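Chemist: Got a sequence here, can you model it:
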Amino acid sequence: MFRGSSNQLTIVSVENLGEWLDTQFKAKYKSINLQEESLNYIKKLKDHRWYLEAQLDIWKQKIPREIREELQDVFRNTKLFLDNMTFNDQFNFEQLLNLNNRLLQKIEELIKQVEGSSMASNFSFMIEEKDNDRLVNPLFQELLTLANLIKNFENILIKKGFRVLGSLQEKIGKLQQLRKRIFLLNRQLEERKKRLEQANSKKKEKELECTKYTELPAYNTLLQMEKLKQLKEEWQDVVYVLLSRIKPLLQEYLRDNDHALARFYLEDPVEAFSTDEGLNLSHVIDYLKAMLKAERSNLSANERSQMLRELSEISVEKLQHLQKELINLNQQVEQLEEQDLDYMVAAKLDDVKYRLDHYQQQVIKYQRDITDIEQWLEQLANTLKKDKEMFKNIVQVGLGKEIKFSS
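Modeler: Sure thing, here's the model as predicted:
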């Protein structure tokens, strides 16, 4: 729990601060003994309560109609305040300390309400004829007297050091709450570290599986197939873009001529180019050039010039090179497709990659969580250290004692 030494240094843990403070409270109360003074104070509070309760019943009957609603609220709050001033038959000093703290706060609020009400100046209904020269509202005056009584007893508590103990009690609650938060965060940190370890283990397992599949001959064949198909699509895109430039002229040409090859190029330029063994497209292009030069086209002069430049860029050599590349790629793809390919390898690898990505994301998440928790723990540890120092200083100044925390 806690232990002292010859030089009056007390070593105590945060968990046992409450018990230590209770010991200090009992020792101080025993050395000062405020029982008689406290009982006298309680008697005075009861006297004021009984007097005010009786007066409230009388005043409520006399409230003028025009201010009845407003003043009923004031009287109701006054009655609620008086209800707080109840005491057990058996004297309890700790309960009195807590009660006085509440009374001090509540009576200040009640006095402000009375001051702000219309009866602060209009209180003639509350006084007897013999007191017509009274200048102060009787309820207000009684509350002020009661407030002074409460404040005087509060000053005694402060001078005798009991309020220092109350302040320390609040700080103990904060210290213990901080320790609990740190404990729970450390437990959460350990749990995140275990999960990170598990996720890393699964991640390495899936990485090994990926390596195993990528090293299989079947996978390399499939990979080669994918690369060839991608390259083939890129070359087909080049052909499509190139031939799309002459599409408007082909459409105009086919309105007056029924040419099967030209129609095929218009409908499916890539397929037409791939199967055009004699590259008859070059003859069609020559015809289109002649048509433009003879101005047998609905195109404007600028459009004809632009189209002639584009047609001039489509040389026979360029067409031969494109067609050769496409035919070569088609043949390579066909040769691979004739083999007995194990497509399940790719499916299995995709599944492993999906799971690998899942564990990679988990690793990133747990690493981020651990970093956040560690930063939070560092902040809480600094706060706890400062609060411990403040607690020790209050004990030293307010109680004249020296303590040291065991943890």
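Chemist: would you say E295 is within a helix?
Modeler: No - with DSSP: H, G, I helix; E, B strand; the rest coil as the criterion, E295 is assigned coil and is not in a helix.
Chemist: contacting residues for it?
Modeler: Residues near E295 by CB atoms under 8 Å, 6 or more residues apart in numbering: R304. Backbone N, C-alpha and C define where each C-beta goes, glycine included.
Chemist: ok, now how distant is it from H283?
Modeler: Distance from E295 to H283, counting by CB to CB, to the nearest Å: 21 Å.
Chemist: what does L146 give?
Modeler: Taking CB to CB as the measure, L146 falls 117 Å from H283.
Chemist: between those two, who's got more neighbours?
Modeler: Counted by other CB atoms under 10 Å, L146 and H283 do not tie: L146 has more neighbours, with 23 against 11.
Chemist: residue boundaries of the strands in the stretch 1-150 of the chain?
Modeler: 2-3, 9-12 (DSSP state E, counting those that start in this stretch).
Chemist: per-stretch mean pLDDT over those strands, give me the minimum one.
Modeler: Sorting the strands of the stretch 1-150 of the chain by mean pLDDT places strand 2-3 lowest, at a mean of 52.
Chemist: which stretches of this protein have low pLDDT?
Modeler: Applying pLDDT under 70 to the chain flags residues 1-7, 29, 128-135, 213, 216, 218-220, 222-223, 225, 336-345, 407.
Chemist: any idea how it splits into domains?
Modeler: Structurally, the chain divides into domains by automatic domain parsing as follows: 35-159, 214-358.
Chemist: Make JSON lines from the ones you listed and add distance to D372 to it.
Modeler: As requested, those are arranged in JSON lines below (distance: least, CB to CB, whole Å):
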{"stretch": "domain 35-159", "distance to D372": "39"}
{"stretch": "domain 214-358", "distance to D372": "21"}
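Chemist: closest to E402 out of those domains?
Modeler: domain 35-159 (22.2 Å; CB to CB).
Chemist: quick one: terminal-to-terminal distance for the closest one?
Modeler: Start-to-end span of domain 35-159 (CA to CA, to the nearest Å) is 16 Å.
Chemist: now stretch 118-136
Modeler: Using CA to CA, the span of stretch 118-136 from its first residue to its last is 13 Å.
Chemist: next one: stretch 116-126
Modeler: 17 Å.
Chemist: mind listing the helices for the chain?
Modeler: Applying DSSP state H to the chain gives helices spanning 17-32, 35-62, 68-83, 93-116, 138-159, 162-214, 217-244, 247-256, 260-267, 269-275, 281-293, 301-313, 316-338, 343-394.
Chemist: what's next to the shortest one, contact-wise?
Modeler: Contacts to helix 269-275, defined as CB under 8 Å, 6+ apart, come from residues 236, 239-240, 243-244, 247, 261, 264-265, 281, 319, 322-323, 326-327, 330.
Chemist: Just to check, K44 is in contact with L149?
Modeler: Yes - contact criterion CB atoms under 8 Å: K44 and L149 qualify, at 5.9 Å.
Chemist: any idea how far the residue lying farthest from the centre of the chain is from E313?
Modeler: The C-alpha centroid of the chain is most remote from A294, which lies 74.5 Å away (CA atoms, centre = their mean). According to CB to CB, A294 stands 21 Å off from E313.
Chemist: got it, and K365?
Modeler: As for K365, its distance to E313 is 55 Å (criterion: CB to CB).
Chemist: ok, the two, which is more surrounded?
Modeler: K365 (14 against 10).
Chemist: which residues does that one contact?
Modeler: Going by CB under 8 Å, 6+ apart, K365 touches no other residue.
Chemist: Going forward, count from 109.
Modeler: Understood, numbering begins at 109; the last thing we discussed is K473.
Chemist: Return the set of buried residues in stretch 332-348.
Modeler: Buried positions in stretch 332-348, judged by neighbour count with 16 or more other CB atoms under 10 Å: M333, L336, K340, W343, Q344, V347.
Chemist: so what's K279 closest to, chain neighbours aside?
Modeler: F499 (5.3 Å; CB to CB, 6 or more residues apart in numbering).
Chemist: Surely that neighbour is in contact with L276?
Modeler: Yes - using CB under 8 Å, F499 is in contact with L276, at 6.8 Å.
Chemist: Now the common contact residues for the two.
Modeler: Common contact partners of F499 and L276 (CB under 8 Å, 6+ apart): none.
Chemist: sorry, back to before: so which of the buried residues of stretch 332-348 would you say is closest to L362?
Modeler: Nearest to L362 among the buried residues of stretch 332-348: V347, at 19.8 Å, using CB to CB.
Chemist: how near is that closest one to V378?
Modeler: Distance, V347 to V378, using CB to CB: 5 Å.
Chemist: can you check D465 too?
Modeler: 35 Å.
Chemist: Between the two, point out the one with more neighbours.
Modeler: When neighbours are counted by other CB under 10 Å, D465 and V378 differ, and V378 comes out ahead with 17 against 12.
Chemist: How about that one: what's its closest non-neighbour residue?
Modeler: Nearest to V378 is Q344, by CB to CB, 6+ apart, at 4.8 Å.
Chemist: Is Q180 in contact with R173, as I believe?
Modeler: No - in this structure Q180 lies outside contact range of R173 using CB under 8 Å: 11.4 Å.
Chemist: So if I had to pick from those two, which one is more boxed in?
Modeler: Taking other CB under 10 Å, Q180 and R173 do not tie; Q180 has more neighbours (12 against 6).
Chemist: Since that was my last question, I'll sign off now.
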